[in-house]
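Asker: curious how this folds, go ahead:
(2 chains)
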Amino acid sequence: MRDGSNTAGLIIDDREDGIFRVHRSVFVDRDIFELERTRIFDHCWLFAGHASEFPKPGDFVTRSVAGRPMILVHGEDGKIRALMNTCRHRGNLVCREHKGSGAEVFRCFYHGWIYNTRGELKGIPGEEAYSDAFDRDALGLEPAPRMHNYRGCIFVSFDAEIESFESYMGDALAVLGNTLDLGEMEFVDGQFKYSMRANWKLLVENSMDGYHAAYTHERFFSQWMPSEGLGLGYQPPPVPPRRDGAAASDTRRGTVPLGNGHVTTNYPTSDGRAAVSDGYLTKHAKEDLEQFRQGLVKRHGPDKARMVEGGAGNYLIFPNLMIIDGWRVFRTFYPSSPDYMEINGWACLPKEDAPALRKARLEWYLAFQGPGGFATPDDVEGLEGCQMGFATHKEVEWSDISRGMKGNLAGGPGELQMRVFWREWNARMTGSQHADYTGD
Amino acid sequence: MTTATAKVTREQVEDFLYAEADLLDNWQLNEWIALFDQERGSYFIPTTDAPDADPNKALFLIADDMPKLRSRVSQLLSGVAWAENPKSHTRHLVNNVRIAGMEDDALLVKANFVVFRMRFQNIDPYIGKYHYKLLPENGTFKILERRVVLDLEALRPHGKVSFIV
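Answerer: Okay, here's the model as predicted:
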């Protein structure tokens, strides 16, 4: 058996014969999990939150990002910061609320050290006990080594030397921009905080898996959609532009590698493809929707307005930000062990929504998405079942992810999007910065 | 209190809630949904971080009107709601039942709950408070609104609310 330091041979990627396999030890092995922490999560740009969650000076949220307790705070100076939530003195959490507003300081209760909302250390009880060499100014709350605010989306990296955000994002930047062009986007109140007793990479695969939908989500498509008088609401798009040097076969079903492990199941196009929410929103908020669309056309012109509303299908910003554009779901998830992950989900919707349109968007969202929706619980069930199945990984060693290789898409949705993820994962786990090429 | 509430005793409310809990634990969901006002009934579970939110403006875990609740029940009994096939074992424990007042024709009732879900060797406790709006009718009640407020900080490790809490 391989040990954790040898990550060669975990993926079989045979482009010539059209076979792609993943060794199931990657879902259960603790050494591999520890390596993922150091080789992936320590060296990527990671999604931390959205500026609309803390809109005013003194507003903050706390959450764990790649296992680090962080404070995302809107400082008294108007700047947004991502600070490590640990006192520089002896380590206690300095902020122990999930969220708040109007904060003036963060005070560590252990010994009373006080930091302002810029993270500066402003008060030490009994400061005269320290020597001249003690440098209070150097003991502010430590910021994430890198932070980037892309149009309200806050990304951080724990690698101070990481490439620029734009370079990291590659062609995914334009796709994210398209998502955010729908309006002045905000994270709606009410966050999904849930979990799965499953490996985090299973949720990467599942979140952009077209093949499972008709089976796992049979109840959504065969019961709820018809009860609402709705069809599927969208047509498969024609061939979108090539990306990442992809062969034409990659793009037939709209799956496009975006570079650096990012990938979308549909590249946004202006061909008139309707948003998946179209049928529901038209039924429940027709007038508000028409008015909203007029605003969209006014801002972007008719072609781009269609591209923005139709969106990008489901896309991954490597390693763990999933955006499900048909609902404007933002979802991120971090493993705390090989067989358990914590998941955060948000609805990112336009502020300018009229009340009936907002209500209809939320209803559409809830019908499918989230721990109480008509679809997500079945994904949780399925992935937890995979994890249970992996107890046989010594006897049943490989998962197969070959669908659609060699351009064979006659049998429905392929699995290229997962291969893109796995190729980048494999490159990083074997010591490369990026995969040279993630397409088939 | 109006005359309508004066006629209602806590014991009547408790009997109703205990019978409801029994239906849920027995997966008698068609009988359970018959307890609702069939036109105006609703079933809400706010997210764990926004327990007081308005479902028209905020994301909820569950925000069902009657058409959606009927669909939920039909799905859960269909055999293709995989999250509940095989069905979880559940046990609803309801206590601290209080009549809190009236709102229009509806009796406002609060109760505490612990619901245990047993599934694949895991035991997940759902803990929180029920807020009911009950319409007194022929010595019993119709449910106008059933709002389930979880005390959990997150659905971890529960992962889902796939059954009726």
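
Asker: going by C-alpha atoms from here, please, whenever you check contacts or count neighbours.
Answerer: OK.

Asker: what residue in the stretch 301-440 of chain A comes nearest to chain B?
Answerer: A:Pro371 (4.2 Å; C-alpha to the nearest C-alpha).

Asker: for that residue, what are phi and psi?
Answerer: Dihedral pair for A:Pro371: phi -60, psi -10, per degrees, to the nearest 10.

Asker: try the one 10 residues further on
Answerer: In this entry, A:Glu381 is assigned phi and psi values of phi -60, psi -40 (degrees, to the nearest 10).

Asker: wait, what's in contact with the spatially closest residue to it that is not a sequence neighbour?
Answerer: Nearest residue to A:Glu381, sequence neighbours excluded (C-alpha to C-alpha, 6 or more residues apart in numbering or on different chains): B:Ala83, at 5.2 Å. Residues in contact with B:Ala83 (C-alpha atoms under 8 Å, 6 or more residues apart in numbering or on different chains) are A:377-378, A:380-382, B:162.

Asker: ok, now which ones touch the one residue sitting closest to the centre of chain B?
Answerer: For chain B, the residue nearest the mean C-alpha position is B:Arg146 (5.0 Å; C-alpha atoms, centre = their mean). Shown in contact with B:Arg146 (C-alpha under 8 Å, 6+ apart): B:42-44, B:130-133.

Asker: show me the two of those residues that sit farthest apart.
Answerer: B:Ser42 and B:Tyr130 (13.1 Å; C-alpha to C-alpha).

Asker: same for the stretch of helix or strand B:Ala100 belongs to, what does it pack against?
Answerer: For B:Ala100, the element it lies in under DSSP states H and E is strand B:89-103. Secondary-structure packing of strand B:89-103 (3 or more C-alpha pairs under 8 Å, 6 or more residues apart in numbering or on different chains; DSSP states H and E): helix B:10-25, strand B:106-119.

Asker: can you give me the angle the first one makes with strand B:89-103?
Answerer: Direction vectors for helix B:10-25 and strand B:89-103, defined by axes from the mean of the first three to the mean of the last three C-alpha atoms, to 10 degrees, enclose an angle of 140 degrees.

Asker: repeat that for the last one.
Answerer: Going by the same axes, to 10 degrees, strand B:106-119 is angled at 170 degrees with respect to strand B:89-103.

Asker: quick one: average pLDDT of strand B:106-119?
Answerer: Strand B:106-119 shows an average pLDDT of 98 in the prediction.

Asker: also stretch B:54-66?
Answerer: 97.

Asker: name the residues of that stretch that are buried.
Answerer: B:55-66 (16 or more other C-alpha atoms under 10 Å in any protein chain shown).

Asker: let me know the pLDDT of the most centrally placed residue in chain A.
Answerer: Note on chain A: the residue nearest the mean C-alpha position is A:Leu321, at 1.4 Å, using C-alpha atoms, centre = their mean. At A:Leu321, the model reports a pLDDT of 98.

Asker: tell me the bridge partners for it.
Answerer: Beta-bridge pairing for A:Leu321 (DSSP bridges): A:Ile317, A:Thr332.

Asker: just say which of the helices and strands packed on strand B:89-103 is most tucked in.
Answerer: Highest mean neighbour count of those: strand B:106-119, a mean of 19 (counted as mean count of other C-alpha atoms under 10 Å in any protein chain shown).

Asker: same for the helix or strand that comes right after that strand, what does it pack against?
Answerer: Reading on from strand B:106-119 to the C-terminus, the next helix or strand found by DSSP H and E is strand B:122-137. Packing partners of strand B:122-137 (3+ C-alpha pairs under 8 Å, 6+ apart): strand B:106-119, strand B:140-150.

Asker: at 10 Å instead, please
Answerer: When contacts are defined as 3 or more C-alpha pairs under 10 Å, 6 or more residues apart in numbering or on different chains; DSSP states H and E, strand B:122-137 packs onto helix B:3-6, helix B:10-25, strand B:42-46, strand B:89-103, strand B:106-119, strand B:140-150.

Asker: for A:Leu349, give its distance to A:Thr7.
Answerer: For A:Leu349, the distance to A:Thr7 (C-alpha to C-alpha, to the nearest Å) stands at 41 Å.

Asker: of these two, which one has the most company?
Answerer: For the pair A:Leu349 and A:Thr7, the greater number of neighbours falls to A:Leu349 (22 against 19), based on other C-alpha atoms under 10 Å in any protein chain shown.

Asker: remind me which residues of the stretch 1-150 of chain A are low pLDDT?
Answerer: Applying pLDDT under 70 to the stretch 1-150 of chain A flags residues A:1-6.

Asker: hmm, try it at 80
Answerer: Residues of the stretch 1-150 of chain A meeting the criterion pLDDT under 80: A:1-7.

Asker: do the same with the stretch 151-300 of chain A
Answerer: In the stretch 151-300 of chain A, residues with pLDDT under 80: A:231-254, A:270-274.

Asker: hmm, which two among the contacts of B:Ala83 are most spread apart?
Answerer: Once C-alpha to C-alpha is applied, these give A:Gly382 and B:Ser162 as the farthest pair, at 13.1 Å.

Asker: identify the contacts common to these two.
Answerer: A:376, B:82-83 (C-alpha atoms under 10 Å, 6 or more residues apart in numbering or on different chains).

Asker: who touches the residue of the stretch 1-150 of chain A found nearest chain B in this structure?
Answerer: Ranked by C-alpha to the nearest C-alpha, the top residue of the stretch 1-150 of chain A for proximity to chain B is A:His98, at 8.2 Å. Residues near A:His98 by C-alpha under 10 Å, 6+ apart: A:60-63, A:71, B:49, B:153.

Asker: dump those residues to JSON lines, plus neighbour count and secondary structure.
Answerer: Formatted as JSON lines, those follow (neighbours: other C-alpha atoms under 10 Å in any protein chain shown; DSSP: H, G, I helix; E, B strand; the rest coil):
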{"residue": "A:Phe60", "neighbour count": "27", "secondary structure": "strand"}
{"residue": "A:Val61", "neighbour count": "20", "secondary structure": "strand"}
{"residue": "A:Thr62", "neighbour count": "22", "secondary structure": "strand"}
{"residue": "A:Arg63", "neighbour count": "18", "secondary structure": "strand"}
{"residue": "A:Ile71", "neighbour count": "31", "secondary structure": "strand"}
{"residue": "B:Asp49", "neighbour count": "20", "secondary structure": "coil"}
{"residue": "B:Glu153", "neighbour count": "12", "secondary structure": "coil"}
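
Asker: what's the domain layout of chain A?
Answerer: A:46-150, A:170-429 (automatic domain parsing).

Asker: end to end on the longest one, go ahead and measure it.
Answerer: The first residue of domain A:170-429 is 20 Å away from its last residue (C-alpha to C-alpha).

Asker: count the neighbours of residue 79 for me.
Answerer: Looking at chain A here, since you left the chain open. 12.

Asker: actually, chain B is the one I wanted.
Answerer: 14.

Asker: and A:Gly414, by the same measure?
Answerer: Neighbour tally, A:Gly414, other C-alpha under 10 Å: 25.

Asker: show me where the stretch 251-400 of chain A has helices.
Answerer: Taking DSSP state H, counting those that start in this stretch as the criterion, the stretch 251-400 of chain A contains helices spanning A:278-300, A:302-310, A:355-368, A:376-389.

Asker: CA-only coordinates of the third one in CSV, if you can.
Answerer: This means helix A:355-368. C-alpha atoms of helix A:355-368 as CSV (Å, rounded to 0.1, in the frame of the first residue of the first chain):
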residue,chain,number,x,y,z
PRO,A,355,-40.8,42.0,-3.1
ALA,A,356,-42.8,39.5,-5.2
LEU,A,357,-39.8,38.6,-7.3
ARG,A,358,-37.6,38.1,-4.3
LYS,A,359,-40.2,35.9,-2.7
ALA,A,360,-40.5,33.8,-5.9
ARG,A,361,-36.7,33.5,-6.2
LEU,A,362,-36.5,32.3,-2.6
GLU,A,363,-39.3,29.8,-3.2
TRP,A,364,-37.6,28.5,-6.3
TYR,A,365,-34.3,28.3,-4.3
LEU,A,366,-35.9,26.4,-1.4
ALA,A,367,-37.8,23.9,-3.6
PHE,A,368,-34.5,22.4,-4.7
